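A.B. asks: Model the following, please.
(one chain, ligands or ions: 2)
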Amino acid sequence: MKSLSKIEFPDSIQQRIMENMGTSLLLLDESLMIIYINPACEMLFEISRRKACGKLWTQLVIENQSLTDRMKESVLRGHPFTKREVQLDLSGGRSLTVDCNITPLFVPEAEPNLLVEIQHMERQVQISKEEQLISQNHAVRALVRGMAHEVKNPLGGLRGAAQLLERELDDEQLKEYTRIIISEADRLQELVDRMLGPSALPKKEMINIHEIFERVHNLVRVEAGDSIEIVHDYDPSIPEINADRDQLIQALLNLVRNAIQAMADSGTLTLRTRSKRQYTIGNRRYKLIVLVEVIDTGPGIPKEIQEQIFLPMITGRAEGTGLGLSIAQSLINRHNGLIECTSEPGNTVFKILIPLENNND
Ligand SMILES: Nc1ncnc2c1ncn2[C@@H]1O[C@H](COP(=O)(O)OP(=O)(O)OP(=O)(O)O)[C@@H](O)[C@H]1O
Ligand SMILES: [Mg+2]
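C.D. replies: Ligands and ions are numbered 1, 2, ... in the order given. Below is the predicted model of the structure:
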């Protein structure tokens, strides 16, 4: 077995550079056994050089077969490659998203080595898609809820006063004005109630996710009409999940309604369920999660609002209030889950991820 001491550096400056650089470096032999790890990589992988050297790469990083296969190919053929945003699941249970540069090193009269440079995407960037969605949603929803509360009381007063006034008026024409005040106050009240969102804590019970889908399907069947095809792609082996039935229906309904509205008069809506093992949500890995996908063939989310669609009051529809997705996101967050979205014309995918347990320990 080779070890650090047997690797010859042309001069000590190069060795010092490797030891001090911020990029994580690994040197592997032909069989992908670790023969050198620099301190940055020791810190990143939370493993000491003593423990890492002599181990196979696949003992350190689990379940990234595609990267490992390419590394084997690279050392055989001598082709360097770069892979961006790779998820490395470490044997300790942590998950990292990194950019990898793999370079085969040919040393005269010796077996080739593989230099692995790992750039850990900044923690904030790595979790931004997920954790930021959750925390941003919490913060903005708190603000919106605060505002809605403030509006609610004076609105009640306004409506009450308009009713009293209406009783005092004999002139039908003048009554028309008080009726407008009352009906507009009612409209605002409805909006404020939606802004406040669901306040009850989830009442969890064991439920079958497909039953939820069927309920939602029944509710939107009429809205969808005949020109929108609804395709079911269910994984029947998904176990029951511990969740609040009404809240799940509400969240799913908001996504399905958006899809139907986006497709306007024709398209295909696919409702898909899958289970996934060892899946990371935010910075937490779960043994088993349920993945629910709502896919539509509509025009896609307008580019200018794509990054903000989960924020309240962001809408691309003239008659929209922009609350549907923000409410759905908070409902799923309460189940320790997350809603993610990717969208391009003809293919918009909303993914609901719900862990089947509360943590992975
Ligand atoms: N499947 C989709 N395809 C295209 N655009 C979408 C889709 N889902 C959401 N959007 C866009 O995201 C915006 C925000 O959606 P959200 O459900 O939060 O609010 P809304 O539908 O506008 O109003 P509300 O749901 O409160 O009635 C929508 O207005 C629409 O522009
Ligand atoms: Mg909506």
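A.B. asks: Please count neighbours and contacts with C-alpha atoms only from this point.
C.D. replies: Will do.
A.B. asks: What segments of the stretch 151-300 of the chain are strands?
C.D. replies: 205-207, 228-233, 241-243, 267-281, 284-296 (DSSP state E, counting those that start in this stretch).
A.B. asks: Now render the ones you listed as TSV, adding distance to ligand 1 and mean neighbour count.
C.D. replies: Listed next are these as TSV, based on distance: least, CA to the nearest ligand atom, whole Å; neighbours: other CA atoms under 10 Å:
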stretch	distance to ligand 1	mean neighbour count
strand 205-207	25	13
strand 228-233	13	15
strand 241-243	22	20
strand 267-281	9	19
strand 284-296	6	21
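A.B. asks: Minimum distance to ligand 2, which residue of the stretch 201-350 of the chain gives it?
C.D. replies: Going by CA to the ion, ligand 2 is nearest to G324 of the stretch 201-350 of the chain, at 4.2 Å.
A.B. asks: coming back round to it: would you turn the strands of the stretch 151-300 of the chain into a markdown table with mean pLDDT and distance to Q136?
C.D. replies: Output for these, formatted as a markdown table (pLDDT from 0 to 100; distance: least, CA to CA, whole Å):
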| stretch | mean pLDDT | distance to Q136 |
| --- | --- | --- |
| strand 205-207 | 93 | 28 |
| strand 228-233 | 93 | 32 |
| strand 241-243 | 92 | 23 |
| strand 267-281 | 86 | 16 |
| strand 284-296 | 88 | 18 |
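A.B. asks: now the ones you listed in CSV, with distance to ligand 2?
C.D. replies: Listed next are those as CSV, based on distance: least, CA to the ion, whole Å:
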stretch, distance to ligand 2
strand 205-207, 25
strand 228-233, 17
strand 241-243, 22
strand 267-281, 15
strand 284-296, 13
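A.B. asks: so where's this structure shaky on pLDDT?
C.D. replies: The model of the chain has pLDDT under 70 over residues 1-11, 63, 122-133, 278, 283, 285, 358-361.
A.B. asks: Longest helix of it, counting residues only.
C.D. replies: Scanning the chain for the helix with the most residues, using DSSP state H, yields helix 133-168.
A.B. asks: ranges for the helices of the stretch 201-350 of the chain?
C.D. replies: Ranges of helices in the stretch 201-350 of the chain, per DSSP state H, counting those that start in this stretch, are 209-224, 245-263, 324-333.
A.B. asks: ranking those helices by burial, who's on top?
C.D. replies: Of all the helices of the stretch 201-350 of the chain, helix 324-333 carries the top mean neighbour count, a mean of 24, counting by mean count of other CA atoms under 10 Å.
A.B. asks: Does that helix reach ligand 1?
C.D. replies: Yes: counting by CA under 6 Å from any ligand atom, ligand 1 is contacted by helix 324-333 at 324-326.
A.B. asks: Which elements pack onto that helix?
C.D. replies: Packing partners of helix 324-333 (3 or more CA pairs under 8 Å, 6 or more residues apart in numbering; DSSP states H and E): helix 133-168, helix 245-263, strand 338-344.
A.B. asks: could those be laid out in CSV, adding distance to K287?
C.D. replies: What follows is those, written out as CSV (distance: least, CA to CA, whole Å):
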stretch, distance to K287
helix 133-168, 21
helix 245-263, 21
strand 338-344, 16
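A.B. asks: Nearest to ligand 1 among these would be which one?
C.D. replies: The closest of the helices and strands packed on helix 324-333 to ligand 1 is helix 245-263. By CA to the nearest ligand atom, the value is 3.7 Å.
A.B. asks: Pull out the CA atoms of that closest one and give them to me as PDB.
C.D. replies: C-alpha atoms of helix 245-263 as PDB (Å, rounded to 0.1, in the frame of the first residue of the first chain):
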ATOM      1  CA  ARG A 245     -55.400  14.600   5.400                       C
ATOM      2  CA  ASP A 246     -57.000  18.000   4.900                       C
ATOM      3  CA  GLN A 247     -53.700  19.800   4.700                       C
ATOM      4  CA  LEU A 248     -52.300  17.400   2.200                       C
ATOM      5  CA  ILE A 249     -55.500  17.700   0.000                       C
ATOM      6  CA  GLN A 250     -55.200  21.500   0.200                       C
ATOM      7  CA  ALA A 251     -51.500  21.500  -0.800                       C
ATOM      8  CA  LEU A 252     -52.000  19.100  -3.700                       C
ATOM      9  CA  LEU A 253     -55.200  20.900  -4.800                       C
ATOM     10  CA  ASN A 254     -53.200  24.200  -5.000                       C
ATOM     11  CA  LEU A 255     -50.600  22.600  -7.300                       C
ATOM     12  CA  VAL A 256     -53.100  20.700  -9.400                       C
ATOM     13  CA  ARG A 257     -55.300  23.900  -9.900                       C
ATOM     14  CA  ASN A 258     -52.300  25.900 -11.000                       C
ATOM     15  CA  ALA A 259     -51.400  23.200 -13.500                       C
ATOM     16  CA  ILE A 260     -54.900  23.100 -14.900                       C
ATOM     17  CA  GLN A 261     -55.100  27.000 -15.000                       C
ATOM     18  CA  ALA A 262     -51.700  27.100 -16.800                       C
ATOM     19  CA  MET A 263     -52.800  24.600 -19.400                       C
END
